[in-house]
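Asks: what's the 3D shape of this:
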Amino acid sequence: MAASPQARAEGDDLVVLRSSMESLLVVIGLVLLVDVVVWHRVFVRALARAPVPAPPLARYPSITVIRPIRGLDVDAAENFRAALATSYPGEVETLFVFDDEEDAALPVVREIVAEHRASGARGSAEIMISGTPPAGRTGKLHAMIAGTRRARGTLIAFGDSDSRPAPELLTQLVEALFAAPDIGCTFAPVVVTDPPETIGDVGYALMLDGLYAPGVARAAGAAGRLPFIMGQLMVFRPEALAAIGGPECADGQLVDDMYIGRCVARAGYANVMINAPLVITNRGTTLRRFLENYRRWMLFGQGGIPMQTTWPLWLRGLNAWLATALLVIALVDGAVWPALIALGVLVAHGESSVRLHRRHGGAPVALRLRWFAATLFLLAPFVVASMAWRRVDWRGRAYSLGGPAAAPLAR
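Replies: Next up is the predicted model:
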């Protein structure tokens, strides 16, 4: 029996409506895809910024490099050796600062310090014990304060134990520090160069190299000036450190380096990120450990990195979730092309992060691990939700974000 004219008209209207809806979904998907490409190009240009020339100094001031240590990092011995193998032309003092005599890294450092002294290499190296930090102060900040009080150098630098500086890096930081009279601190961007072995390694490398590094580079611009510090290795002009009251200004803060950078900026000095990278060692990270780091970075960034630096990353995350919603709608509706485009947007997000990581100097990511790159933005809302639990575990201590910002719960 033939359908009535009214039924045929209603069927035609439904076909037109479905076709129009599918076309709209295709357009939305293409807009999201173009957005990924545009931002990728923005970040590529940011990472490719030309170095700001810093002339050599007629005289290089003495410098003390304070390295707080708690526990053994990946390839810790090589990191410690690299810390002492500097080609800095001036006098260098390195202080390895521990909480106590029971730290697993202490015997390793003792051996390397003895090795360094026996070799007759330039620069002095000492080990010191800072003791248990008081309430409201992180272990790292406590070590920084103790080291500063003992330091003999004109300049003060702080370096993380999981970093491996190139011999010339300290010289480059000091030259940049004196490139202009208003520069109070210089620091190096970090890069993870260990080839990822696990999906946790992929997440760790891409968060630092594929997301944070491009975002910070875009905000820094050609001059490298920022209102905060990412302080895996940072050098201070003595007047700037005195103007903020020393590292003690960050008492009660969980994110000491970023907060110190904000204090430097408020005191009228500039924080400058140089172009030469600092290698961070990382390998064998489990998924659980990566998620803990992801949460910690977001908590830390929330208190230390201004929105003008992070808003492009939040936009990228929104794009990824819109693409996910588009994929679900298209699959439910049976719309093939919108589904394929939405899937392409998610793949493009992952590939963008991997390519930016490589552009920044990171190691290749194996194809069997590459899929995890597309999940970084999709994990973000769950990580944000977990931040309602105001506690963070870091370097063997648990910190409460409820009362004092860095009130320790346990050793």
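Asks: make it CA atoms for all contacts and neighbour counts henceforth
Replies: Noted.
Asks: list the buried residues in the one helix or strand residue 316 maps to.
Replies: Assigned by DSSP states H and E, residue 316 belongs to helix 307-333. Across helix 307-333, burial judged by 16 or more other CA atoms under 10 Å covers 309-310, 312-313, 316-324, 326-328, 330.
Asks: which residues touch residue 145?
Replies: Contacts of residue 145 were listed using CA atoms under 8 Å, 6 or more residues apart in numbering, and they are 246, 247, 248.
Asks: which of those residues sits closest to residue 96?
Replies: Nearest to residue 96 among the contacts of residue 145: residue 247, at 16.7 Å, using CA to CA.
Asks: leaving out the residues flanking it, which one is nearest to that closest one?
Replies: Nearest-residue entry for residue 247: residue 145, 5.9 Å, with adjacent residues in sequence omitted and distances by CA to CA, 6 or more residues apart in numbering.
Asks: the one you found belongs to a helix?
Replies: Yes. Applying DSSP: H, G, I helix; E, B strand; the rest coil, one finds residue 145 inside a helix.
Asks: confidence score at it?
Replies: Looking at residue 145, its pLDDT is 96.
Asks: end to end on stretch 185-201, go ahead and measure it.
Replies: Terminal residues of stretch 185-201 lie 30 Å apart, using CA to CA, to the nearest Å.
Asks: what's the neighbour count on residue 56?
Replies: By the measure other CA atoms under 10 Å, the count of residues near residue 56 is 14.
Asks: quick one: contacts for the nearest residue to it once chain neighbours are set aside?
Replies: Nearest non-adjacent residue to residue 56, counting by CA to CA, 6+ apart: residue 175, 6.0 Å away. By CA under 8 Å, 6+ apart, residue 175 lies in contact with 54, 55, 56, 57.
Asks: distance-wise, check residue 175 relative to residue 146.
Replies: Distance, residue 175 to residue 146, using CA to CA: 26 Å.
Asks: next: residue 193.
Replies: According to CA to CA, residue 193 stands 31 Å off from residue 146.
Asks: do residue 129 as well
Replies: Look at residue 129 and residue 146: by CA to CA, they are 9 Å apart.
Asks: between the two, which one's more packed in?
Replies: Using other CA under 10 Å, the more surrounded residue of residue 129 and residue 146 is residue 146, with 20 against 15.
Asks: correct me if wrong: the more buried one contacts residue 130.
Replies: Yes. Using CA atoms under 8 Å, residue 146 and residue 130 qualify as a contacting pair, with a distance of 5.9 Å.
Asks: for the stretch 251-400 of the chain, which segments are assigned as helices?
Replies: Along the stretch 251-400 of the chain, counting by DSSP state H, counting those that start in this stretch, helices occupy 256-266, 287-304, 307-333, 336-359, 367-370, 376-386.
Asks: could you dump those to TSV with mean pLDDT?
Replies: TSV is the format used below for the helices of the stretch 251-400 of the chain (pLDDT from 0 to 100):
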stretch	mean pLDDT
helix 256-266	92
helix 287-304	78
helix 307-333	92
helix 336-359	96
helix 367-370	93
helix 376-386	84
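Asks: tabulate those helices in CSV, adding columns for distance to residue 157.
Replies: Converted to CSV, the helices of the stretch 251-400 of the chain look like this (distance: least, CA to CA, whole Å):
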stretch, distance to residue 157
helix 256-266, 12
helix 287-304, 20
helix 307-333, 25
helix 336-359, 27
helix 367-370, 37
helix 376-386, 33
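Asks: which of these is buried the deepest?
Replies: Most buried of the helices of the stretch 251-400 of the chain by mean neighbour count (mean count of other CA atoms under 10 Å) is helix 256-266; its value is a mean of 24.
Asks: can I get that one in PDB, CA atoms only?
Replies: Taking Å, rounded to 0.1, in the frame of the first residue of the first chain, the C-alpha atoms of helix 256-266 are listed here in PDB:
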ATOM      1  CA  ASP A 256      57.900  27.600  46.500                       C
ATOM      2  CA  ASP A 257      59.700  28.300  43.200                       C
ATOM      3  CA  MET A 258      56.600  29.800  41.400                       C
ATOM      4  CA  TYR A 259      55.700  31.800  44.500                       C
ATOM      5  CA  ILE A 260      59.300  33.100  44.800                       C
ATOM      6  CA  GLY A 261      59.100  34.200  41.200                       C
ATOM      7  CA  ARG A 262      55.900  36.100  41.900                       C
ATOM      8  CA  CYS A 263      57.700  37.900  44.800                       C
ATOM      9  CA  VAL A 264      60.600  38.800  42.500                       C
ATOM     10  CA  ALA A 265      58.100  40.300  40.000                       C
ATOM     11  CA  ARG A 266      56.300  42.200  42.800                       C
END
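Asks: what's that helix in contact with?
Replies: Residues outside helix 256-266 that contact it (CA under 8 Å, 6+ apart): 141, 184-185, 227-231, 240-241, 243-244, 247, 249-250, 253, 270-271, 303-305.
Asks: start to end distance for stretch 71-86?
Replies: End to end - CA to CA - stretch 71-86 spans 23 Å.
Asks: and that stretch, which residues are buried?
Replies: 73, 76, 77, 79, 80, 81, 83, 84, 85, 86.
Asks: quick one: which of these is nearest residue 362?
Replies: Proximity of the buried residues of stretch 71-86 to residue 362 (CA to CA) peaks at residue 79, which lies at 17.7 Å.
Asks: which SSE is that closest one in?
Replies: helix 76-84.
Asks: quick check: mean pLDDT of that helix?
Replies: pLDDT averaged over helix 76-84 gives 96.
Asks: ok, how many other residues are close to residue 226?
Replies: Neighbour tally, residue 226, other CA under 10 Å: 22.
Asks: so what pairs up with it in the strands?
Replies: Beta bridges link residue 226 to residue 271 when assigned by DSSP bridges.
Asks: contacting residues for it?
Replies: With contact set as CA under 8 Å, 6+ apart, residue 226 has these partners: 219, 220, 270, 271, 272, 273.
Asks: need the residues you listed in TSV (columns: neighbour count).
Replies: As requested, these are exported to TSV (neighbours: other CA atoms under 10 Å):
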residue	neighbour count
219	18
220	20
270	25
271	28
272	25
273	30
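Asks: hmm, which two among these are most spread apart?
Replies: Spatial extent of the contacts of residue 226 (CA to CA) is set by the pair 219 and 270 at 13.9 Å.
Asks: pLDDT below threshold where in the stretch 1-150 of the chain?
Replies: For the stretch 1-150 of the chain, residues meeting the criterion pLDDT under 70 lie at 1-18, 50-52.
Asks: show me the shaky parts of the stretch 151-300 of the chain.
Replies: Low-confidence segments of the stretch 151-300 of the chain, defined by pLDDT under 70, span residues 299-300.
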